[in-house]
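Q: Got a sequence here, can you build the structure:
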Amino acid sequence: MTVQDWLPKNKTDRKIIHLDMDAFYASVEELKNPQLKQKALVVAHDPRKNNGHGVITTSNYRARKYGVFSAMPATKAIENIPKNELVFVKPDFKTYRKVSKQIHCIFQEVTDLVETVAFDEAYLDVTQNKLGTDKTTIDLASYLQQRILKETGLTCSVGISYNKFLAKLGSEYAKPFGRTIILPEMATEFLKDYPINQFPGVGKKTLMRLHEHDIYTHEDLITVNIHDFLRDFKRAGYDLLQRAFGIDLRPVKANRLRKSYGKESTFLEPIHTKTKAKRMLKLYCDEIQNQLTTENLKAQTVVFKIRDSQFNTATRRQTLAQAQDQSTYFYQVACQLLDEFDTELTVGVRLLGVSVTNILDFEIQSMSLPLFQTR
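A: From the prediction side, this is the model:
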């Protein structure tokens, strides 16, 4: 049996776009200050002002010509880039997040099947789309690029294929502001010359192990001894072999807003005092607020849950006048609801919980479109 005989049947009837913004953070900074386009721009804290610390978030293409890329120590930019060209700009994640929301609104005009990878990157399954059956995948990709450019002034690159793996390779191949399509009949030829170290999931350690097995090229990989290879690389090796044959069955998973966020605990020793109960409620509300802040969300309804030592369970809810992301508001409401349960405290409380619902993405709600506009 050949290696391919061990692999699942390929699925080639999907139409998937991988869209990746070009030097996203740096490009946003250049829109804010066009003079930066003439400089080697590095988005990071200046290590000369930060005790030598700092990691590069991203860099513009001018800086990349000097070998300066994201995730490198910021000191590398000082070493590689001439002083008269180098400019450091502190990351402005609030603005990046806002622009990202605007771009994702454009995605939703094309399809509901949008899987966000990062602020600047997403997969779109456009097998069924909202713009019409007469639109080809290339039409849809072009529409996305042009709409994003018109409304934000930013460029992006897209890869088009029948699965996520090849679509991502396509967007990387075309940068910047490019478009690559990889059809099923083109996949083998495209992958033949593609460096193994650039396959997603192949880092330095995995590459070293592949070299130890005399695997350096795509041809080496697809002709391995399947038994030895799977014994040594296990599931990761099986996935890598699938990719080498252009197989990736992973679906595009649409990002869904969670319906609620909450925290509850069951106590071994029942609680009998409001002081201790309120102390627990404060911890829960702080944790909920941290979750909402991390995901840039607000909530409008607070739900309180209590169970006494006789296993009687009750819930109460209260909707706030405005959506909030502050634990203070949640805590005040939870304490008010707790005050209704004096009898349960006398018997002993075995479980307390707080959750919030009616979740809103407040940055989309407050955003004024377009954030940037080009003529």
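
Q: give me every residue that touches the closest residue to V252 other than its chain neighbours.
A: Closest residue in space to V252, ignoring its immediate chain neighbours: D125 at 3.9 Å, by C-beta to C-beta, 6 or more residues apart in numbering. Where you see a C-beta, it was placed from the backbone N, CA and C, and this is true even at glycine. Listed by C-beta atoms under 8 Å, 6 or more residues apart in numbering, the contact partners of D125 are 14-16, 111, 113, 251-252.

Q: For T137, see how far away D125 is.
A: From D125 across to T137, the span is 11 Å (C-beta to C-beta, to the nearest Å).

Q: Now list whatever residues contact both of those two.
A: K15.

Q: Need the per-residue pLDDT for L371.
A: Note on L371: pLDDT of 44.

Q: Now tabulate the contacts of D125 in JSON lines and tack on distance to V87, neighbour count and pLDDT.
A: Putting the contacts of D125 into JSON lines (distance: C-beta to C-beta, whole Å; neighbours: other C-beta atoms under 10 Å; pLDDT from 0 to 100) gives the following:
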{"residue": "R14", "distance to V87": "43", "neighbour count": "19", "pLDDT": "97"}
{"residue": "K15", "distance to V87": "41", "neighbour count": "19", "pLDDT": "97"}
{"residue": "I16", "distance to V87": "37", "neighbour count": "27", "pLDDT": "98"}
{"residue": "T111", "distance to V87": "38", "neighbour count": "20", "pLDDT": "95"}
{"residue": "L113", "distance to V87": "39", "neighbour count": "21", "pLDDT": "95"}
{"residue": "P251", "distance to V87": "42", "neighbour count": "15", "pLDDT": "95"}
{"residue": "V252", "distance to V87": "37", "neighbour count": "21", "pLDDT": "95"}
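
Q: ok, so of those residues, who is nearest V333?
A: L113 (36.6 Å; C-beta to C-beta).

Q: can you pull the contacts of the closest one?
A: Taking C-beta under 8 Å, 6+ apart, one finds 124-126, 128, 252, 254 in contact with L113.

Q: next one: D13
A: 127, 162.

Q: What does the pLDDT read for it?
A: 96.

Q: In a helix, it, correct?
A: No. Under the criterion used here (DSSP: H, G, I helix; E, B strand; the rest coil), D13 is coil, not part of a helix.

Q: Pull up the gap between it and N296, please.
A: 36 Å.

Q: now E264
A: 24 Å.

Q: And for L144?
A: In terms of C-beta to C-beta, L144 sits 23 Å off from N296.

Q: out of these two, which sits in the busier spot?
A: L144 (23 against 15; other C-beta atoms under 10 Å).

Q: I'd guessed the more buried one sits against F107; true?
A: Yes. Counting by C-beta atoms under 8 Å, F107 is a contact partner of L144 at 7.3 Å.

Q: Spit out the residues that contact those two alike.
A: Taking C-beta under 8 Å, 6+ apart as the contact rule, L144 and F107 both touch 19, 124.

Q: how would you label Y284: helix, strand or coil?
A: On the basis of three-state DSSP, Y284 is classed as helix.

Q: OK, contacts around it?
A: Applying C-beta under 8 Å, 6+ apart, the residues near Y284 are 262-265, 334, 352-354.

Q: Next one, pLDDT for it please.
A: 92.

Q: got the contacts of L113 as TSV, with secondary structure and distance to A77 columns?
A: Shown next, in TSV, are the contacts of L113 (DSSP: H, G, I helix; E, B strand; the rest coil; distance: C-beta to C-beta, whole Å):
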residue	secondary structure	distance to A77
L124	strand	33
D125	strand	38
V126	coil	38
Q128	coil	45
V252	coil	36
A254	coil	38
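
Q: which of those residues lies closest to L7?
A: Closest to L7, out of all of the contacts of L113 and judged by C-beta to C-beta, is V252, at 21.1 Å.

Q: ok, now how distant is that closest one from E151?
A: From V252 to E151 the distance is 23 Å (C-beta to C-beta).

Q: same deal with L268?
A: For L268, the distance to E151 - C-beta to C-beta - is 56 Å.

Q: More neighbours: which of those two?
A: More crowded of L268 and E151, by other C-beta under 10 Å: E151, with 19 against 5.

Q: What residues of the helix or strand containing that one count as buried?
A: Using DSSP states H and E, E151 sits within helix 137-152. Neighbour counts over helix 137-152 (16 or more other C-beta atoms under 10 Å) mark 137, 140-141, 143-145, 147-148, 151-152 as buried.

Q: could those residues go into TSV alongside pLDDT and distance to L191?
A: Output for these, formatted as TSV (pLDDT from 0 to 100; distance: C-beta to C-beta, whole Å):
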residue	pLDDT	distance to L191
T137	96	20
L140	97	24
A141	97	21
Y143	96	28
L144	97	25
Q145	98	25
R147	96	31
I148	97	28
E151	95	35
T152	96	33
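
Q: would you list those in a markdown table and tack on distance to N312?
A: Formatted as a markdown table, the buried residues of helix 137-152 follow (distance: C-beta to C-beta, whole Å):
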| residue | distance to N312 |
| --- | --- |
| T137 | 58 |
| L140 | 56 |
| A141 | 58 |
| Y143 | 57 |
| L144 | 55 |
| Q145 | 59 |
| R147 | 56 |
| I148 | 55 |
| E151 | 55 |
| T152 | 55 |
